[in-house]
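K.L.:
Fold the following, please.
(one chain, ligands or ions: 1)
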Amino acid sequence: MEQGLVVTQLDIQPGECIKVKGKILSDAKGFAVNVGKDSSTLMLHFNPRFNCHGDVNTIVCNSKECGVWGEEDRKADFPFQHGDKIEICISFNETEATVKLPDAEFQFPNRLGMERIEYLAVEGDFKVKAIKFS
Ligand SMILES: C=CCO[C@@H]1O[C@H](CO)[C@@H](O[C@@H]2O[C@H](CO)[C@H](O)[C@H](OCc3cn(-c4n[nH]c(N)n4)nn3)[C@H]2O)[C@H](O)[C@H]1NC(C)=O
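P.N.:
Down below sits the predicted model:
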């Protein structure tokens, strides 16, 4: 999966929102939005898969601690289509991270008990147009 945008030195607090606006490529196999402390310690790896890693039209969420993936969480809904222009809003509190999309919302446990987000990375078949912190 191609490395894309990486933002470090963030200080996103509980209740604040990271908005990532962009376009899913027309031939996307998958993309991922990662938030956490750094690339090895992730609160959330949000990974919509059109057709990759053995999954078709499936969102896989996971955490990563010291470089080791946690247990995957596969979501039932897949509110994405090739070529979509979307805005993804990620926020968190002490118990969970929330991913808000125009027509769907997903939760994922804050397994590592992270108190801030310092790192954002977008990987794969997604062209970032804008990011906003609010
Ligand atoms: C069934 C036995 C093997 O299980 C499979 O094991 C794969 C390898 O761990 C799992 O795929 C990984 O799942 C992780 C989340 O749990 C991540 O999605 C991982 O991809 C992250 C990643 C980033 N990048 C990357 N390449 N280049 C850049 N910049 N980033 N490449 N891969 C994927 O390679 C995959 O999700 C998993 N499938 C199942 C059904 O469990």
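
K.L.:
switch to C-alpha atoms for all contacts and neighbour counts from now on
P.N.:
Noted.

K.L.:
remind me which residues of this protein are low pLDDT?
P.N.:
1-2 (pLDDT under 70).

K.L.:
now the strands for the protein?
P.N.:
Defined through DSSP state E, the strands belonging to the chain, from first to last, are 3-7, 18-24, 31-38, 41-52, 55-65, 68-69, 73-75, 85-92, 96-101, 104-109, 119-124, 126-133.

K.L.:
Let's have those in CSV, adding mean neighbour count and distance to the ligand.
P.N.:
As requested, those are exported to CSV (neighbours: other C-alpha atoms under 10 Å; distance: least, C-alpha to the nearest ligand atom, whole Å):
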stretch, mean neighbour count, distance to the ligand
strand 3-7, 14, 3
strand 18-24, 19, 16
strand 31-38, 24, 8
strand 41-52, 22, 6
strand 55-65, 20, 5
strand 68-69, 12, 6
strand 73-75, 14, 8
strand 85-92, 20, 18
strand 96-101, 19, 16
strand 104-109, 16, 13
strand 119-124, 20, 6
strand 126-133, 15, 12
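
K.L.:
And stretch 15-32, end to end?
P.N.:
This stretch, stretch 15-32, spans 22 Å end to end (C-alpha to C-alpha, to the nearest Å).

K.L.:
Relative to the whole chain's centre, how far out is that stretch?
P.N.:
Average the C-alpha atoms of stretch 15-32, do the same for its chain, and the two points are 8 Å apart (C-alpha atoms, centre = their mean, to the nearest Å).

K.L.:
Please name the nearest non-neighbouring residue to Leu112.
P.N.:
Using C-alpha to C-alpha, 6 or more residues apart in numbering and skipping the chain neighbours, the partner closest in space to Leu112 is Met43 (6.6 Å).

K.L.:
which ones are touching the one you found?
P.N.:
Contacts for Met43 (C-alpha atoms under 8 Å, 6 or more residues apart in numbering) come out as Asn34, Val35, Gly36, Lys37, Asn62, Ser63, Lys64, Ala97, Asn110, Arg111, Leu112, Met114.

K.L.:
same check, this time on Val20
P.N.:
Contacts for Val20 were tallied using C-alpha under 8 Å, 6+ apart; they are Glu87, Ile88, Cys89, Val128, Lys129, Ala130, Ile131, Lys132.

K.L.:
how near is it to Lys64?
P.N.:
Separation of Val20 from Lys64 (C-alpha to C-alpha): 21 Å.
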